[in-house]
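Engineer: next come a sequence and a model predicted from it.
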Amino acid sequence: MPDLSHNEQDALYKHWRWRIFFITWLAYAGFYLTRKSFAVAKADLARPEVLGLSLGDMSWMDFSYAAAYAAGQFAWGMCGDRFGTRRVILYGMMGSVLTAIFMGASSLVIMLGILFCFQGVCQSTGWAPLTKNIGNFFAQKERGRMMGFWCTNYALGGVIASALAGFAIEWGGQNRLAAYQPGQPPVLAEVIKVATSQGRDVATAEVIHGQLLITHATTLSPTAAADALAGLFQDAQQNVHARAAALRGLHALNEPRFDESLKAALQSKDAALKRRVEDLQKQIEKKKNRDVTSDSPKPVEERLKKVNQQTAQALWGMLGWRYAFWVPAAVLLCIWGLFVWLQRNRPQDVGLPAIEEYKGEARAVLTGDTQKEEAEEGTWPLIWQVMSNRMVQLLSAVYLLLKPARYLILFWSPLYVNEKLGTGAAESGIIGSLFELAGPLGVLLGGYLSDKVFGARRMPVAVIGLMVVAVVLLGFNALPETKVALGSAFFFVGFFLYMPDSLVAGTAALDFGTRKGAGTAAGMINGFGSIGAIVGVTLPGILSGMLSEDADIWYYIFPGLGVSLVIAAVLLLPKWNALPVTEKTA
């Protein structure tokens, strides 16, 4: 490239800075599309008529994902420093797309778990190399604000991914369900014919037929609907899923025949029906406290409409859960193409000077306080110097304590909301995603405060955010079980938790790992954080196995997460004024 004038260099640098910012932001947000699919699909995959995943099944799957993700963070951070961002991201993103496609095609629990584990490996390629890419184009004195904007990628990415996966389920389910509903009431032979054309067996067709009978019954007058549901429950030849759903409909209508039918079901010799009805009993008991404080009972027509909607959502989930994997994979494939076209690793790759030279900034060094010579970029000695740095090690310990809270909410909030409020897949995903929706606001404020108020010091903002979230989590179980209360709480927690999360894992990793070792530092900090994430994603399953069936696991989980954040804040307090050592101050 020929020599450039000062103005030409400024223009070209500005072009490449914003181009890199855009494509790396989009790339990491895109990784969330295939990361969140399983979390959103959980509510439907747990249905006995789909795959019947238990809480334990989901926990070991989440554990395998988190373990692979943690190990991958260490490895891919080093690879980002050794081989550059471009190569690592392109392989990892394509692997994520293909894995999501295979997950959507799977019908075996064990295969779904293996694929989700491999998805963890693919997902772990994203953060550290992309963070290094940003560090190559933006200077330390502006990183708080720029990383504040950039770190909105994983907050907004999670919100968009949850909504996309939830609506993909409903869209796919509605389209597939439309083929079953030309006539009313549904005829079993016709349902079997359509189900066979969609690759489903007769047993599955019978389940669909039973659910269709309920949706049909709930469009009738209240008296006719109650008679139809009672008749469906009494039909011993009908499948267990439809009979249990009919019983649920009778309860929703306050039908006098419910108590008699419930007693008959509990005394039934059909073990599967008995289990389903016992589960229904537990759900009714959990809702009693909420019902006591609710307004007067809704009109019967409204209750019929709700039963119809819940049954339709069950059918959408049964028929469309695979789309939660396929649609996000298609979108991520488009982002992969954009990354090929737009991304470059360093300013030097397009004929521009290094960022410190361009901005006239002293370069941060890893060994300024040890009298050792800093190794060359991309070498194993430099990687070891990063991993031996005391500040990088402290940030790793803090992130280990911070990340259980973020990942538990990230992975379990849709199911938690579904359990507490009885909402469908899309609505549960959206309410839970208010946690992530608040994230960008907290990240932006945290970056601005760290640059402008605290003079590029990241620790004060991190400590404040950690303490605020700790207080909220310690009192989380006292919140009313309403959409407004839970949604607001998730939003508030997200605002203050993403603030220290982005500073510790992003901005501070770049500052103290330095531009030359940013990949390794970000990978190490996130690797330890991901070990903490393993605790977060598996904690519900572990506690459900340890405690009695009637115990509320969330009563123990949220206070435990609060204590962990308090410890993290205490560890950071001595480093309140810490700044990276530079060549001028070494």
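Structural biologist: Perfect, thanks for sending it. Residues are numbered from 1 along each chain as shown.
Engineer: low-scoring stretches of this protein, by residue?
Structural biologist: Counting by pLDDT under 70, the ranges of the chain that qualify are 1-4, 181-184, 286-297, 364-373, 375, 377-378, 424-426, 549-550, 582-586.
Engineer: show me it divided up by domain.
Structural biologist: 6-173+323-575, 174-320 (automatic domain parsing).
Engineer: pick the most deeply packed of those domains.
Structural biologist: Highest mean neighbour count among the domains of the chain (mean count of other CB atoms under 10 Å): domain 6-173+323-575, with a mean of 21. Every C-beta, even on glycine, is put in place using the N, C-alpha and C of the backbone.
Engineer: and the end-to-end length of that one?
Structural biologist: The first residue of domain 6-173+323-575 is 39 Å away from its last residue (CA to CA, to the nearest Å).
Engineer: measure the residue nearest the centre of the chain to Asp57 for me?
Structural biologist: Taking CA atoms, centre = their mean, the centroid of the chain lies closest to Leu410, which sits 4.0 Å from it. From Leu410 over to Asp57 the distance is 19 Å, taken as CB to CB, to the nearest Å.
Engineer: same question for Leu12.
Structural biologist: Leu12 sits 53 Å away from Asp57, taking CB to CB as the criterion.
Engineer: backbone dihedrals for Gln343, please?
Structural biologist: Phi and psi for Gln343, reported as degrees, to the nearest 10, are phi -90, psi 150.
Engineer: returning to what we had before: turn the domains of the chain into JSON lines, columns for distance to Val581.
Structural biologist: Listed next are the domains of the chain as JSON lines, based on distance: least, CB to CB, whole Å:
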{"stretch": "domain 6-173+323-575", "distance to Val581": "3"}
{"stretch": "domain 174-320", "distance to Val581": "54"}
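Engineer: next one: the helix or strand hosting Tyr91 to chain centre, how far?
Structural biologist: Following DSSP states H and E, the helix or strand that holds Tyr91 is helix 85-105. The gap between the average C-alpha position of helix 85-105 and the chain average comes to 17 Å, counting by CA atoms, centre = their mean, to the nearest Å.
Engineer: distance between stretch 274-287 and the chain's centre?
Structural biologist: That offset, for stretch 274-287, works out to 28 Å (CA atoms, centre = their mean).
Engineer: stretch 565-573 too?
Structural biologist: Taking CA atoms, centre = their mean, one finds stretch 565-573 lying 25 Å from the centre of the chain it belongs to.
Engineer: can you name the residues in contact with that stretch?
Structural biologist: For stretch 565-573, contacts defined as CB atoms under 8 Å, 6 or more residues apart in numbering pick out 394, 397-398, 401-402, 405, 459, 462-463, 466-467, 469-470, 473, 500.
Engineer: so which of these are in helices?
Structural biologist: Applying DSSP state H to the contacts of stretch 565-573, the entries found in helices are 394, 397-398, 401-402, 405, 459, 462-463, 466-467, 469-470, 473, 500.
Engineer: check the residues you listed and tell me the two furthest apart.
Structural biologist: Pairwise distances across these (CB to CB) peak at 22.7 Å, for the pair Leu394 and Leu473.
Engineer: doesn't Pro30 fall inside a strand?
Structural biologist: No, residue 30 isn't Pro; it's Gly. No: applying DSSP: H, G, I helix; E, B strand; the rest coil, one finds Gly30 to be helix, outside a strand.
Engineer: residues in contact with it?
Structural biologist: Gly30 neighbours (CB under 8 Å, 6+ apart): 93, 157, 331-332, 335-336.
Engineer: how about a cut-off of 6 Å?
Structural biologist: 332, 335 (CB atoms under 6 Å, 6 or more residues apart in numbering).
Engineer: any idea how far it is from Leu130?
Structural biologist: Gly30 sits at a distance of 11 Å from Leu130 (criterion: CB to CB).
Engineer: joint contacts of these two?
Structural biologist: By CB under 6 Å, 6+ apart, no residue touches both Gly30 and Leu130.
Engineer: which elements pack onto the helix or strand harbouring Ala314?
Structural biologist: Assigned by DSSP H and E, Ala314 belongs to helix 300-320. Applying 3 or more CB pairs under 6 Å, 6 or more residues apart in numbering; DSSP states H and E, one finds that helix 300-320 contacts helix 152-178, helix 202-217, helix 240-252.
Engineer: which of those sits closest to Pro540?
Structural biologist: Closest to Pro540 of the helices and strands packed on helix 300-320 is helix 152-178 (CB to CB; 18.1 Å).
Engineer: how far off helix 85-105 does that closest one point, in degrees?
Structural biologist: For helix 152-178 against helix 85-105, the angle by axes from the mean of the first three to the mean of the last three CA atoms, to 10 degrees is 30 degrees.
Engineer: mind listing what Met447 touches?
Structural biologist: Slight slip there: residue 447 is Gly, not Met. So Gly447 contacts 144-145, 147-148 (CB under 6 Å, 6+ apart).
Engineer: thinking again about what came up before, pipe the helices and strands packed on helix 300-320 into a markdown table and attach distance to Gly126 per row.
Structural biologist: Shown next, in a markdown table, are the helices and strands packed on helix 300-320 (distance: least, CB to CB, whole Å):
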| stretch | distance to Gly126 |
| --- | --- |
| helix 152-178 | 9 |
| helix 202-217 | 37 |
| helix 240-252 | 39 |
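Engineer: can you tell me which of these is nearest to Leu188?
Structural biologist: Closest of these to Leu188 is helix 202-217, at 4.9 Å (criterion: CB to CB).
Engineer: what does that closest one rub up against?
Structural biologist: Helix 202-217 is contacted by residues 49, 184-186, 188, 191-192, 195, 225, 228-229, 232, 238-239, 241-242, 245, 308, 311-312, 315 when judged by CB under 6 Å, 6+ apart.
Engineer: now the element after that helix, going C-ward?
Structural biologist: Immediately after helix 202-217, counting by DSSP H and E, sits helix 222-234.
Engineer: so which other helices or strands are in contact with that next one?
Structural biologist: Secondary elements touching helix 222-234 (3+ CB pairs under 6 Å, 6+ apart): helix 202-217, helix 240-252.
Engineer: among those, which is nearest Trp380?
Structural biologist: Closest to Trp380 of the helices and strands packed on helix 222-234 is helix 202-217 (CB to CB; 54.3 Å).
Engineer: what's the distance between that closest one and the middle of its chain?
Structural biologist: Worked out by CA atoms, centre = their mean, helix 202-217 lies 32 Å from the chain centre.
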